[in-house]
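J.: sequence first, predicted coordinates after that:
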Amino acid sequence: MAALLLLTLGLWVEGLRAAEPHPGDTAIVLRVHGAIGPATASYISKGLTSAAAQRASLVILRIDTPGGLDTSMREIIRDILASPVPVATYVSPSGARAASAGTYILYASHISAMMPGTNLGAATPVQLGGIPGLPQPSKADPKGDDTANDENTQPEPAPPMPENAKEAKAVNDAVAYIRSLAQMRGRNADWAEKAVRQAASLSAEDALEQRVVDIVAISTTDLLAQIEGRAVQLNGADVLLNTKDLELAVIEPDWRTKLLGAITNPNIALILMMIGVYGLIFEFMNPGALYPGTIGAICLIIGLYALAALPVNYAGVGLVVLGLILMVAEAFAPSFGALGIGGAFAFVLGAAIFLDTDSPAFAISWPIVVGTAASALAFSLIVVRMAISSQRRQVISGPDQMIGQVGVVQDWQGAGGHVFVHGERWHAVSVAPMASGQNARVTSMEGHTLQVEPETNTKT
């Protein structure tokens, strides 16, 4: 019996060992498509953590990006540099690009690869004078240069000069950063600097020729075959890659990542803030409606969260908020358009400088800005028109509506009596003598007493 129990226990332990993931049998695939932002950084961080937990031998980061936020890019690079699992960044499919932030990530990866028909580069962090990448006028004197008239001499175009100290600091910081990544991975640091200073770009074949990338692969299978046995630096130690017969395990973005990616779109954040503000307005105008206030509060909180995740320019945010306040004030204190128009102008101006980033992928869409401002302005003007119309209408309720009404005297004695006006019996006073059955016109009202005068009937 004891021998049988030991045999059963041994088989159970062996089964557990067989069920454990073995290092070197799995490659985790992460996919990045579109602008790089907080959602992308969170997705890659979780993917690298999962790869380490599963003891995967490789992470393949397939990217197609126009660039993104500097803060998110640096967060991704820090995770790649600290990853215990080698990372192979692969620009794919054909027609994809690794522009701007994607170039930095490619340089930081242990293996950099591209598919034919792809490109990388254009990593300038700010807009320089002139058009980035185009030759700038040379400051050299052609008369004093013997090679100036040499048709076979093609001088290197001078890089665009930053227009101010802020741009110079941003460019120099970006150059130092990408050169350090290039030197760490043994890649072409001089071209990396050109990508930053001159917004240079390369095709896949040219990038391979200039030692910018390690491999040009036509497929993921081809990529795994080419990096088999390649040595990479992993946390200060040389590691040989064993990529033969690896099983690919794709980790797709979860619902949280997709939601974060949607709400951190600056255009969505702007619309959410507008919905939130107007939801609260309608709730204040109709207390107890609940739905406008609930929806407005949720949208406003989500919009504010999105702003906290984006590199906003707080002067722009201040102008946007001021514009919203002025347009809301127009609804409650009509100024015949002054507050509404001023609010729309402040809103558009604030939206123009809303984000403090050079990434086109996170720029505010002008059609959305103009459409949102026009909608808010139209709402304010409608409120103004309704206010003016209401002032011109005859009063139909309250004490003021009694003025001018004609009633019939029911009884009268001395200077006072009772009149029947608007279906009700009222106490009335008059300086003129009145008699029962006579018509009386209301001239004023004090408390519950009417001031009346005889109604003169004019016949023609």
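T.: Thanks, I have the structure now. Residues are numbered from 1 along each chain as shown.
J.: what's the neighbour count on Gly117?
T.: By other C-beta atoms under 10 Å, the residues close to Gly117 number 15. Where you see a C-beta, it was placed from the backbone N, CA and C, and this is true even at glycine.
J.: try Asn267
T.: 17.
J.: the one 3 residues further on now?
T.: The local packing of Leu270 (other C-beta under 10 Å) involves 23 other residues.
J.: same deal with the one 3 residues further on?
T.: The number of residues packed around Met273, counting by other C-beta under 10 Å, is 22.
J.: and the closest residue to Asp70 other than its chain neighbours, what does it touch?
T.: Excluding the flanking residues, the one nearest Asp70 by C-beta to C-beta, 6 or more residues apart in numbering is Pro125, at 6.7 Å. Neighbouring residues of Pro125 by C-beta atoms under 8 Å, 6 or more residues apart in numbering: 70, 100, 170-171, 173-174, 196, 358.
J.: which of the residues you listed sits closest to Ser219?
T.: The closest of the contacts of Pro125 to Ser219 turns out to be Ser100 (C-beta to C-beta; 25.7 Å).
J.: isn't that closest one up against Leu120?
T.: No: counting by C-beta atoms under 8 Å, Ser100 stays clear of Leu120, with 9.4 Å between them.
J.: quick one, what contacts Gly47?
T.: For Gly47, the contacting residues are 28, 30, 59, 251, by C-beta under 8 Å, 6+ apart.
J.: now, the residues you listed that are in strands?
T.: 28, 30, 59, 251 (DSSP state E).
J.: distance-wise, check the second one relative to Leu58.
T.: By that I understand Leu30. 11 Å (C-beta to C-beta, to the nearest Å).
J.: so which bits of stretch 198-205 are buried?
T.: 198-204 (16 or more other C-beta atoms under 10 Å).
J.: can you pull the phi/psi pair for Gly404?
T.: Dihedral pair for Gly404: phi 90, psi -10, per degrees, to the nearest 10.
J.: pLDDT wise, what is the residue nearest the centre of the chain at?
T.: Centroid-nearest residue in the chain, with C-alpha atoms, centre = their mean: Pro266, separated by 2.2 Å. In this model, Pro266 is scored at 71, pLDDT.
J.: for Val91, same thing?
T.: What the model reports for Val91 is a pLDDT of 96.
J.: equivalent analysis for Val216, please.
T.: What the model reports as pLDDT for Val216 is 96.
J.: tally of neighbours for it?
T.: Around Val216 there are 20 other residues, counting by other C-beta under 10 Å.
J.: was I right about it contacting Asp206?
T.: No: if you go by C-beta under 8 Å, Val216 and Asp206 don't touch, sitting 10.1 Å apart.
J.: who's in contact with Trp412?
T.: Here Trp412 is in contact with 418, 434-436, 438 (C-beta under 8 Å, 6+ apart).
J.: format these as a markdown table; extra columns: distance to Gly47 and neighbour count.
T.: As requested, those are exported to a markdown table (distance: C-beta to C-beta, whole Å; neighbours: other C-beta atoms under 10 Å):
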| residue | distance to Gly47 | neighbour count |
| --- | --- | --- |
| His418 | 87 | 18 |
| Met434 | 93 | 24 |
| Ala435 | 97 | 10 |
| Ser436 | 95 | 12 |
| Gln438 | 93 | 15 |
